[in-house]
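J.: Sharing a model that was predicted from the sequence below.
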Amino acid sequence: MIRALTPLFVLLAAFQGGQAQTRNTHPDAQWFPEAAFGLFLHFDPASVKGINIGWSDIPGRKIAAHKEKFTPEEVQRIVRDSDYNLEGKPWPVTPNQYWALAKEFNPTKYDPDNWLKAAKAAGFEYAVLTTKHHNGFALWPSKFGGFNTANYMGGRDLVKEYVEACRRNGMKVGLYFSGPDWHFDRDWNNFLYHGSEHPEIPALDADLKPRTIVHTAAETAAHQKAYAEMVRGQVEELLTSYGKIDVLWFDGKPSIPNADQVISVERIRELQPGIVINPRLHGHGDYITYERTLATAKKATEWAEFCNTWTNNWSYVPQPYRANGYVLGQLAQSRALGVNYLLGIGPMPSGELEPAAYANMAVVAKWMAENGDAIKKAGPLPDSEEASVPATGRGTTRYLFALPEFAGNSPYEKDMVPPGDVTLTLRHVGIPISVTLLRDGSKVPFTFEAGTLSVKVPAAVRTKLPDVVRVELPRS
């Protein structure tokens, strides 16, 4: 007899970075490095309660300092620890309570056309929808797993509606899929945040009570076989049911032996020859991924993507949006390094986006209409050139980004530092032909000495968004 418990750290064998070793050379995949801007959409029954997708039912996130022994009171505190109760708020849900939200999940106003029309106008080129997050609810009527819209919502296929809306709005189609499935693995999984494991802290079941179930080796082997078949079956459904899919965005490995071989890259390419795959299942993929932090200062030599959120959470949680100056600043920083920027939001339980989402997209759309050439039609500077700020270039044109500043590294507009005079430099270039603001073509004062261009952008022309200076250089 063995106790087969899966610690959640197995989930986070997902990659922060990863290796782009299998870059797809198919013509249909070559759009990716120039796409620049993607929309990440997290949606599942968590929206019903307005809690973070996936992780709201996992205690122990803020573990106490490591000790040789915990008192019973400390164990209880650690088990129930989370961002929520540390703030004096009630514990949101247990895993079983999270899964029960599927009974209330009925997005009657789900209309991805509305989201994607606004996103396209704002300059997004591709979208990625969470078809199934870690808690296991699949947004399509899958024949596998038993926890999806075939059992709820009358079999409605939310993935199909999303894919069709992407195509109508000229967006590349991305599908997120979680290898970890806590619902399918519920009788084996230890529902304690990774890193919290300790002899004094019991493994937790789906009610966040000490787990008592004991499995035989044969039971565990049968479960792992069924788990692999479920993951493979669901991925193949996604790749064969909806026509051409442009991006497959894995998020972690199923907690079984040889997890990266549940479905091979070769099989995925057989089903979708032109697809682009991230490295979070196989350990290698078509591009590198960065999450929450753009953990590099070097220009990308491989295809790469940086994902972050427009609020503080991936899914719908009622909370403020981060300043558009901050978000567009991250977009500029990403593109200066040759990295795509995947920006996350989540629909409300009705299936609608918040009014604030559309308002922010409208701001981004206006900025992109005026400054999009610096994002969409440009890449990193030549290796021979250096800039004091994020900068992109194309041909003999250079774009220098004067980014907003925020007090205390806050991403919110209330903490924005009033824009002041700023001097931008570009080194190892020739005497410029012109230096102007990209948004309106107005001239900007500059000096040039010994191959260094210095551009002074006065406070009077600064805005709350990145201000872009266009520099026209002579042909060499």
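T.: Looks like it arrived, so ask away.
J.: In the protein, mark out all the helices, start to finish.
T.: Using DSSP state H, the helices of the chain run over 32-35, 46-49, 72-79, 83-86, 95-100, 112-121, 158-168, 217-240, 265-271, 324-336, 355-371, 373-376.
J.: Can you lay out these as a markdown table showing distance to Y287, mean neighbour count and mean pLDDT?
T.: Placement of C-beta: from N, CA and C, glycine included. Shown next, in a markdown table, are these (distance: least, CB to CB, whole Å; neighbours: other CB atoms under 10 Å; pLDDT from 0 to 100):
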| stretch | distance to Y287 | mean neighbour count | mean pLDDT |
| --- | --- | --- | --- |
| helix 32-35 | 7 | 19 | 97 |
| helix 46-49 | 27 | 22 | 96 |
| helix 72-79 | 37 | 14 | 78 |
| helix 83-86 | 30 | 14 | 52 |
| helix 95-100 | 31 | 19 | 96 |
| helix 112-121 | 21 | 21 | 98 |
| helix 158-168 | 19 | 20 | 98 |
| helix 217-240 | 18 | 17 | 98 |
| helix 265-271 | 13 | 15 | 97 |
| helix 324-336 | 13 | 23 | 98 |
| helix 355-371 | 23 | 18 | 98 |
| helix 373-376 | 18 | 21 | 97 |
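J.: Dump those helices to a markdown table, plus distance to V457.
T.: Shown next, in a markdown table, are the helices of the chain (distance: least, CB to CB, whole Å):
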| stretch | distance to V457 |
| --- | --- |
| helix 32-35 | 28 |
| helix 46-49 | 42 |
| helix 72-79 | 51 |
| helix 83-86 | 39 |
| helix 95-100 | 49 |
| helix 112-121 | 28 |
| helix 158-168 | 38 |
| helix 217-240 | 47 |
| helix 265-271 | 47 |
| helix 324-336 | 14 |
| helix 355-371 | 14 |
| helix 373-376 | 14 |
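J.: closest to G195 out of those?
T.: helix 72-79 (11.1 Å; CB to CB).
J.: Select, out of the helices of the chain, the one closest to E385.
T.: helix 324-336 (11.6 Å).
J.: what helices or strands is the closest one leaning on?
T.: Packed against helix 324-336 by the contact rule (3 or more CB pairs under 8 Å, 6 or more residues apart in numbering; DSSP states H and E) you find strand 304-309, strand 340-345, helix 355-371, helix 373-376, strand 379-380, strand 391-394, strand 397-402.
J.: Just the C-alpha atoms of it, please, in CSV.
T.: This file holds the C-alpha atoms of helix 324-336, laid out as CSV (Å, rounded to 0.1, in the frame of the first residue of the first chain):
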residue,chain,number,x,y,z
ASN,A,324,-2.4,52.0,-19.6
GLY,A,325,0.9,53.9,-19.3
TYR,A,326,2.3,51.0,-17.4
VAL,A,327,0.9,48.3,-19.8
LEU,A,328,2.0,50.1,-22.9
GLY,A,329,5.4,50.6,-21.3
GLN,A,330,5.7,46.9,-20.9
LEU,A,331,4.7,46.4,-24.5
ALA,A,332,7.4,48.9,-25.6
GLN,A,333,10.0,47.2,-23.4
SER,A,334,9.1,43.8,-24.8
ARG,A,335,9.3,44.9,-28.4
ALA,A,336,12.6,46.6,-27.8
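J.: Kindly calculate the angle that that helix makes with helix 355-371.
T.: 50 degrees (axes from the mean of the first three to the mean of the last three CA atoms, to 10 degrees).
J.: Could you shift the numbering so residue one becomes 821, and keep it that way?
T.: Done: numbering now begins at 821, and the last item shifts to helix 1144-1156.
J.: contacting residues around helix 1144-1156?
T.: With CB atoms under 8 Å, 6 or more residues apart in numbering as the test, helix 1144-1156 has contacts from 856-857, 1114, 1119, 1126, 1128, 1130, 1160-1161, 1163, 1180, 1183-1184, 1187, 1194-1195, 1198-1201, 1210-1212, 1221, 1223-1224, 1226, 1231-1233, 1236, 1284-1286.
J.: just so I know, which of the helices of the chain lies nearest P1019?
T.: Closest approach to P1019 among the helices of the chain is made by helix 892-899 (10.4 Å; CB to CB).
J.: follow-up on the earlier one: of the helices of the chain, which is nearest A958?
T.: Nearest to A958, of the helices of the chain and by CB to CB, is helix 1037-1060 at 6.5 Å.
J.: distance between that closest one and the chain's centre?
T.: 25 Å (CA atoms, centre = their mean, to the nearest Å).
J.: Report all helices and strands that it contacts.
T.: When contacts are defined as 3+ CB pairs under 8 Å, 6+ apart, helix 1037-1060 packs onto strand 992-997, strand 1067-1070, helix 1085-1091.
J.: The first one pairs with which strands, and in what direction?
T.: Strand 992-997 has these partner strands in its sheet, going by DSSP bridges: strand 946-952 (parallel), strand 1067-1070 (parallel).
J.: What lies in contact with it?
T.: 851, 855, 858, 860, 862, 945-953, 979, 983, 986-987, 1054-1055, 1058, 1062, 1064-1071.
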